[in-house]
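1. mind folding the following:
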Amino acid sequence: MEQNEKMKTLPVQSEEESDKTAEKADRTERSRLLFGEEGLQKLADSTVLVAGVGGVGSFAVEALARSGVGRLILIDKDTVEPSNINRQLCATLETVGEVKVDVLKKRIAQLNPECEVITHHCFYDAAMNDILLEEKPDYILDCIDSIGSKKDLIRFAIDAHIPIIASMGMARKKDPSRLEIMEVEKTSYDPIAKILRTWKRKNRIRNKIMVVSSTEKPVDMEAGQALPSGIFVPASAGLMMAGYVVDQLLQKK
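-> Okay, here's the model as predicted:
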């Protein structure tokens, strides 16, 4: 009798709730085998900021969402253009004209419904720093094209003691096997990295700045021409950045 009374007080899952639990188990099964239960929980408890969701950033966002990161902050001012379709995850014939961060938010909901997505459809500059501090990112991925904004975001991360990894120039490159994650001081054949190295020394910044950069010499281009770019290098850079950040988050105590 006493056992029967206890059984009556146990919560009973509805069929719909049971289906959702099974679905989540299926979605996370392979990640659980790779990262472990504790690792998955660390990722679920983490907040990652991705600034710039184009050729590099869109693939980083995808990998972070599929890996189980629980909260993503996306910043980008652009809408999808036809010229993006050859290399950006958010760009299809159906999404031309749509806001990139909104497209990715919808996509993430189909991949990882438990992931909270905060979007900022705007151009990042230092005026956003107070807002970002309130959102408390655990890690920052800088996938911005603008050199000025890139410097501002790196400076913000250093001052706020938030770890950051930055993407260098991925246009005019064809060989993804030449990508490496390294300190900015060790880069070569990268005009953006060269500017950052000079800026870092001029401002006496002693902190290590981790970047993903290619050792491949850029292809030639005519003055005034649009930057030549394909999918292989930027997409691979985004995946490398996401993999690096996930590893860092898993090691966090």
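2. which other helices and strands contact whichever helix in the chain runs longest?
-> Assignment by DSSP state H gives helix 15-44 as the longest helix of the chain. Helix 15-44 makes packing contacts with helix 57-67, helix 232-251 when contacts are defined by 3 or more C-beta pairs under 8 Å, 6 or more residues apart in numbering; DSSP states H and E. In short, each C-beta sits where N, CA and C put it, glycine included.
3. if you count neighbours, what's buried in the first one?
-> This means helix 57-67. Within helix 57-67, the residues that count as buried by 16 or more other C-beta atoms under 10 Å are 57-67.
4. how near is Met168 to Thr215?
-> 11 Å (C-beta to C-beta, to the nearest Å).
5. of the two, which one has the most company?
-> Met168 (25 against 16; other C-beta atoms under 10 Å).
6. next one: that one from Asp102, what distance?
-> For Met168, the distance to Asp102 equals 27 Å [C-beta to C-beta].
7. now do Ser214
-> Using C-beta to C-beta, Ser214 is found at 30 Å from Asp102.
8. now swap in Thr28 and tell me
-> Thr28 sits 26 Å away from Asp102, going by C-beta to C-beta.
9. swap in Leu64?
-> From Leu64 over to Asp102 the distance is 17 Å, taken as C-beta to C-beta.
10. show the pLDDT at the residue lying closest to Leu43 once chain neighbours are set aside.
-> With C-beta to C-beta, 6 or more residues apart in numbering as the criterion, Leu43 has its nearest non-adjacent residue at 4.4 Å, and that residue is Gly68. Listed pLDDT for Gly68 reads 97.
11. ok, Met221 next?
-> At Met221, pLDDT is 88.
12. that one: what's it in contact with?
-> By C-beta atoms under 8 Å, 6 or more residues apart in numbering, Met221 lies in contact with 172, 227-228.
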